[in-house]
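Asker: My questions concern the predicted model and sequence given below.
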Amino acid sequence: DTEVTQTPKHLVMGMTNKKSLKCEQHMGHRAMYWYKQKAKKPPELMFVYSYEKLSINESVPSRFSPECPNSSLLNLHLHALQPEDSALYLCASSQLGFLAKNIQYFGAGTRLSVL
Amino acid sequence: GENVEQHPSTLSVQEGDSAVIKCTYSDSASNYFPWYKQELGKRPQLIIDIRSNVGEKKDQRIAVTLNKTAKHFSLHITETQPEDSAVYFCAAILSGAGSYQLTFGKGTKLSVIP
């Protein structure tokens, strides 16, 4: 099973709303990632969690707040977003360790529109 | 940090012809090079990958070659079909403990004309 599940698939929110994106994997992967992807661009790394601890934050604005409640779940809390934050938000997971392949498996994404 | 250049940005081929996409990377320590295919509105999917201790890898109509000395790697698709139409991303990473960051190329939009 190489499934990474993301919910919701689509989200429309106003600039004053608070919403959360969810990601789940049951492959035993100990690294989980959030990416932002704009149209016709490659995925852009936002956050990395390894062993449920935040290890990389790519200078993402504080209106995006990640959370990793356990080794299978990853959330992205959204608050006071701007229209330019509209994008496809992708979650990914991978193995970790010296001999790990580091293959990243992506979820189907949440298409976010900020009005 | 790593930098990956990918060419061409768009590629149109007739069905049945071959397609080649090329990438170069800057960090000689990178040792794992995956290729992702992303169809419109869908997730990036790993289609083939190669490690730095291998020069070539093939999977049916898809092959990847790696030249470590020149720091470039290429994706070859033979006998292209309309369902091969998608955006293809190359990437590079130093695979192993403590490394997480895939560096992606900017992508190649492949159109296969029936």
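Answerer: Received the coordinates, thanks.
Asker: shaky segments in chain A?
Answerer: For chain A, the stretches with pLDDT under 70 are A:1-2, A:98-101.
Asker: Tell me the residues on it that lie near chain B, please.
Answerer: Taking Cβ under 8 Å from any Cβ of the partner chain, the part of chain A that reaches chain B is made up of A:31, A:33, A:40-43, A:45, A:48, A:50, A:55-56, A:90, A:94, A:96-109. Placement of C-beta: from N, CA and C, glycine included.
Asker: Point me to the residue of chain A nearest chain B.
Answerer: Using Cβ to the nearest Cβ, the closest approach of chain A to chain B is made by residue A:42 at 3.7 Å.
Asker: Quick check: residue A:111 touching residue A:8?
Answerer: No. Counting by Cβ atoms under 8 Å, residue A:8 is not a contact partner of residue A:111; they are 9.1 Å apart.
Asker: Looking at those two, which one has more neighbours?
Answerer: Using other Cβ atoms under 10 Å in any protein chain shown, the more surrounded residue of residue A:111 and residue A:8 is residue A:111, with 16 against 13.
Asker: Next up, the contacts around the residue in chain B that chain A sits nearest to.
Answerer: Nearest to chain A in chain B, going by Cβ to the nearest Cβ, is residue B:104, at a distance of 3.7 Å. When contacts are counted by Cβ atoms under 8 Å, 6 or more residues apart in numbering or on different chains, residue B:104 touches A:42, A:43, B:4, B:36, B:89, B:90, B:91.
Asker: what about the second one, neighbour count?
Answerer: As a burial measure, residue A:43 scores 28 neighbours (other Cβ under 10 Å).
Asker: neighbours around the residue of chain A closest to chain B, how many?
Answerer: 23.
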